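> I would like the atomic coordinates for the input below:
(one chain, ligands or ions: 4)
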Amino acid sequence: MGNYFNTLSLRDKLDQLSKCRFMDASEFSDGVNALKGKKIVIVGCGAQGLNQGLNMRDSGLDISYALRDAAISEKRASFVNASENGFTVGTYQELIPSADLVLNLTPDKQHTNAVSTVMPLMKKGATLSYSHGFNIVEEGMQIRKDLTVIMVAPKSPGSEVREEYKRGFGVPTLIAVHEENDPEGKGWAQAKAYAAATGGDKAGVLASSFIAEVKSDLMGEQTILCGLLQTGSILCFDKMVEEGIDPGYASKLIQYGWETVTEGLKYGGVTNMMDRLSNPAKIKAFELSEELKDIMRPLFQKHMDDIMEGNFSKGMMEDWANDDKNLLGWRAATGETAFEKTPAGDIEISEQEYYDNGVLMVAFVRAGVELAFEAMTESGIIDASAYYESLHETPLIANTIARKKLYEMNSVISDTAEYGCYLFDHACKPLLTDFMKNIKTDVIGKAYAKDNGTGVDNAKLIEINKVLRDHPVEKVGEFLRSSMTAMKPIV
Ligand SMILES: NC(=O)C1=CN([C@@H]2O[C@H](COP(=O)(O)OP(=O)(O)OC[C@H]3O[C@@H](n4cnc5c(N)ncnc54)[C@H](OP(=O)(O)O)[C@@H]3O)[C@@H](O)[C@H]2O)C=CC1
Ligand SMILES: CC[C@](O)(C(C)=O)C(=O)O
Ligand SMILES: [Mg+2]
Ligand SMILES: [Mg+2]
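Ligands and ions are numbered 1, 2, ... in the order given. Sure, this is the predicted structure:
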């Protein structure tokens, strides 16, 4: 075993990275039929395992959970989650041999161990599925040649996979078939049915590759999705308190502010989010985000390069082998931040006030979305995938912060994402020290002056609007959102 991506020629690498086709709704006309009546066994009942299973059962499929013996005998959270939701739960020996489709939804760190244990028990010709391709791409896991290997990767935390499904919508999903494991040619039909069963087809599905999924997923989660939201939360909170804003107000503005401003993003892209500001505030947010882009661009590019070259996965696997020393230290430090420890105050903040008093947060979101999108597409990742990984998923992660701050975000996302989030955050905060020295409460904590004495420079405003609307993330976003007809408001 070794890094599979690094064994490929440059030509093959580029070919795999560019595999990403937006699927037409008509390709899902067969719904879940390819899996109807099949025995589907999920290994692991955590963030993705439980929520995907609930959606798939509601879509009419036969779902049960195979858990480790100790999880059953000790009645661990996974056992309680599955059994209290009325699913059949059994040991590997009891459930895996008769399974037609096994969903490996254990943490990535455990994949080699879990797959090595489960694979010998799988019947000939069965299918093994992943929701993230790290084990295949970064670790080079080899799967028995009679087994079909597919991937159905929701571009969302597990909790939101369920919430969006209950709203009658879904989350964008990447599907793939491992080319080395499709002996019966049934992989694509099963992956499509699985994506339909989780509701993914309502939001948009990309027919992609394991490689394209891994490289884009790691980049999104480390930078804009989790890393930058963590950095932005901590810096904005500390600044407000330093400048005399009531800590309860500051805490609330951030905890719920990301969710509110990124709801505007989800509906109408960066353009709509920025349009929610007054014209003077929009000009200010644009200027701040341009500055942020210049400062943070090298860091975004470094993360993309490290992911592509395998340096990121190597470093994280070294931490796995070192009992997660870095991860656990970073997790503890996050729990000690003032933002995390200050409860949101019992103060009414209107939807518009989140925008008006959160100009810097809007600037962070615009800068992060555009930088992540640019770094991904410059490295060969297709624009639709980069859009889902940057712009569309940011509000889904923001929803988790609204529930219980950074603790909730970092608990709900995968261990891989959590590691990358801290790695980015620890590199990003020092980079922004000088930038933050010039920040005052006019852009975070209080409303930006409607007219700061100079009025609005029309020519400048027109130019800014053009720059925002002409960014490639806005172009592809307009196309992808046109098929999201079932999207429902959250805020
Ligand atoms: N978190 C998310 O929202 C997303 C995750 N993904 C991907 O989905 C997959 C699952 O991630 P996630 O849902 O976060 O995982 P979780 O950490 O939530 O999964 C925990 C589950 O895995 C079980 N488990 C842990 N170790 C082992 C092991 N060695 N053998 C068998 N079972 C084990 C646990 O059972 P036990 O009770 O026995 O400990 C528990 O049921 C990953 O590939 C991840 O990258 C993709 C998109 C988003
Ligand atoms: C954002 C992190 C993620 O990739 C996800 C929820 O999509 C993960 O691995 O948790
Ligand atoms: Mg992801
Ligand atoms: Mg991930």
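> what's the burial count for Phe339?
Phe339 is surrounded by 22 other residues when neighbours are defined as other Cβ atoms under 10 Å. To be clear about C-beta, it is placed using only N, CA and C from the backbone, and glycine gets the same treatment.
> does it sit in a helix or strand, and which one?
Taking DSSP states H and E as the criterion, Phe339 maps to helix 338-341.
> next one: Asp12
Assigned by DSSP H and E, Asp12 belongs to helix 10-17.
> what packs against that helix?
On a contact count with 3 or more Cβ pairs under 8 Å, 6 or more residues apart in numbering; DSSP states H and E, helix 10-17 meets helix 210-220.
> now the next helix or strand after the helix it packs on, how far from the chain's geometric center?
Per DSSP H and E, the first helix or strand lying C-terminal to helix 210-220 is helix 229-242. In this view, helix 229-242 has its centroid 22 Å away from the chain centroid, taken as Cα atoms, centre = their mean, to the nearest Å.
> relative to helix 210-220, how tilted is the helix holding Asp12?
Helix 10-17 and helix 210-220 are oriented at 70 degrees to each other (axes from the mean of the first three to the mean of the last three Cα atoms, to 10 degrees).
> just checking, Ala70 touches Phe79?
No: taking contacts as Cβ atoms under 8 Å, Ala70 lies outside contact range of Phe79: 9.6 Å.
> who has more neighbours, the two?
Neighbour count, other Cβ under 10 Å: between Ala70 and Phe79, Phe79 has more, with 19 against 9.
> which SS class is the more buried one?
Per DSSP: H, G, I helix; E, B strand; the rest coil, the secondary structure class of Phe79 is helix.
> Could you check the pLDDT of it?
Turning to Phe79, the model gives it a pLDDT of 98.
> ok now do it, which residues does it touch?
Counting by Cβ atoms under 8 Å, 6 or more residues apart in numbering, Phe79 makes contact with 45, 67, 71-72, 89.
> Roughly how far does it sit from Ala66?
Using Cβ to Cβ, to the nearest Å, Phe79 is found at 11 Å from Ala66.
> Ser209 too?
Remark: distance between Ser209 and Ala66 (Cβ to Cβ) = 28 Å.
> tally of neighbours for the residue in the stretch 51-200 of the chain that ligand 4 sits nearest to?
Using Cβ to the ion, the closest approach of the stretch 51-200 of the chain to ligand 4 is made by His132 at 5.3 Å. By other Cβ under 10 Å, the residues close to His132 number 26.
> Glu139 now?
Neighbour count of Glu139, defined by other Cβ under 10 Å: 19.
> now do Thr7
Counted with other Cβ under 10 Å, residues neighbouring Thr7 total 10.
> How about the one 4 residues further on?
Residues near Arg11, counting by other Cβ under 10 Å, number 8.
> Would you mind listing what in the stretch 51-200 of the chain touches ligand 1?
Within the stretch 51-200 of the chain, the positions lying close to ligand 1 (Cβ under 6 Å from any ligand atom) are 67-68, 71, 76, 78, 105-108, 110, 113-114, 131-132, 153-154, 157-158.
> what mean pLDDT does the helix holding Asp12 have?
96.
> Name the next helix or strand downstream of that helix, please.
Once the chain leaves helix 10-17, the next helix or strand it forms, by DSSP H and E, is strand 20-22.
> After that next one, which helix or strand is next?
Scanning forward in sequence from strand 20-22 by DSSP H and E, the next helix or strand is strand 39-43.
> Can you tell me the strand partners of that following strand and which way each runs?
strand 62-66 (parallel), strand 101-104 (parallel) (DSSP bridges).
> count of neighbours near Ala82?
The burial count for Ala82: 26, using other Cβ under 10 Å.
> Spell out which helix or strand contains Glu184, please.
For Glu184, there is no host helix or strand (DSSP H and E).
> State whether Pro472 and Ile382 are indeed in contact, as I suppose.
No: applying Cβ under 8 Å as the test, Pro472 and Ile382 come out as separate, 11.4 Å apart.
> what about those two, which has more around it?
Ile382 (20 against 14).
> How many neighbouring residues does Gly445 have?
By the measure other Cβ under 10 Å, the count of residues near Gly445 is 25.
> Now do the SS call for it.
On the three-state scheme (three-state DSSP), Gly445 is labelled coil.
> where does it sit relative to Ile413, distance-wise?
Distance of Gly445 to Ile413, computed by Cβ to Cβ: 28 Å.
> And Arg57, by the same measure?
Arg57 sits 24 Å away from Ile413, going by Cβ to Cβ.
> mind listing what the closest residue to ligand 2 within the stretch 101-250 of the chain touches?
Closest contact between the stretch 101-250 of the chain and ligand 2, by Cβ to the nearest ligand atom, is at Glu221 (3.6 Å). Contact analysis of Glu221 by Cβ under 8 Å, 6+ apart lists 227, 413-414, 416-417, 420-421.
> Out of the residues you listed, which two sit at the greatest distance?
Pairwise distances across those (Cβ to Cβ) peak at 13.8 Å, for the pair Gly227 and Ser414.
> Compare these two (neighbour count), which wins?
Set Gly227 next to Ser414 and count neighbours by other Cβ under 10 Å: Gly227 wins out with 27 against 21.
> For that one, give me its contacts.
Each residue near Gly227 by Cβ under 8 Å, 6+ apart is listed here: 221, 420-425, 428.
> Same question for Thr106.
Taking Cβ under 8 Å, 6+ apart, one finds 43-44, 46, 49, 114 in contact with Thr106.
> can you rerun that using 6 Å?
By Cβ atoms under 6 Å, 6 or more residues apart in numbering, the contact set of Thr106 is 43-44, 114.
> Taking the stretch 1-150 of the chain, what residue is nearest to ligand 1?
Nearest residue of the stretch 1-150 of the chain to ligand 1, counting by Cβ to the nearest ligand atom: Gly46, 2.1 Å away.
> which other residues reach the biggest strand by length in the chain?
If you go by DSSP state E, the chain has its longest strand at strand 148-154. Applying Cβ under 6 Å, 6+ apart, the contact partners of strand 148-154 are 127-133, 143, 161, 171, 173-178, 181-182, 187, 190-191, 194-195, 210, 213.
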